[in-house]
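Colleague: heads up, no residue letters with this:
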């Protein structure tokens, strides 16, 4: 599939079939994250994959989102190894984890699955419930599964600013 076609087709899926995701598809999603670029190739990403029903059910303690997806991935980065910019000290781990999340989201779409980026969660509760080490920063949560028959893009899915409003050449 053409990249722009894939990117336009992807939408935030919030309704999933009650159907397991095959391990080979999970492996491909994780590979898409593994090969994503990171600052100085430090690869600080740490991903917790939840497939066990008991572990999946705990997500409701951390966020009201999840939509009964059969797979949940919690994407973190290890702040002890992420690259820090020497000019301003900025920790690039959040950017790295975001790039990884985006790569995985596009692979999920390409595999015929659905997901959305959950950013509305209680990080302290996620850390507690899933025993996430203190040096791991939690960036995103991806519910993953086969889109339900009633899954559709939101009304604003195709609403985009004109490129002239967001892109500038040579000066602002």
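Modeller: Everything's here; your move. For clarity, every value in this text was computed on a predicted model and none was experimentally measured.
Colleague: tell me what the helix or strand containing residue 4 is packed against?
Modeller: In this structure, residue 4 is located in helix 3-9 according to DSSP states H and E. Applying 3 or more CB pairs under 8 Å, 6 or more residues apart in numbering; DSSP states H and E, we find helix 3-9 packed against helix 93-110. C-beta: built from backbone N, CA, C; applies to glycine.
Colleague: nearest residue to residue 77 other than its sequence neighbours?
Modeller: Of all residues not flanking residue 77 in the chain, residue 93 sits nearest, at 3.6 Å (CB to CB, 6 or more residues apart in numbering).
Colleague: residue 23 and residue 70, how far apart?
Modeller: Shown here: residue 23 relative to residue 70, a distance of 12 Å by CB to CB, to the nearest Å.
Colleague: next one: residue 77
Modeller: The gap separating residue 77 from residue 70 is 25 Å, by CB to CB.
Colleague: quick check: pLDDT value at the residue nearest the centre of the chain.
Modeller: With distances taken as CA atoms, centre = their mean, the residue of the chain nearest its centroid is residue 101 (3.6 Å). pLDDT, residue 101: 98.
Colleague: beta partners for the residue lying closest to it once chain neighbours are set aside?
Modeller: Nearest non-adjacent residue to residue 101, counting by CB to CB, 6+ apart: residue 140, 4.7 Å away. When bridges are taken as DSSP bridges, the partners of residue 140 come out as residue 75.
Colleague: past the helix or strand of the chain with the lowest mean pLDDT, which element shows up next along the chain?
Modeller: Sorting the helices and strands of the chain by mean pLDDT, DSSP states H and E puts helix 3-9 at the bottom, at a mean of 93. Sequence-wise, the next helix or strand downstream of helix 3-9 (DSSP H and E) is helix 23-34.
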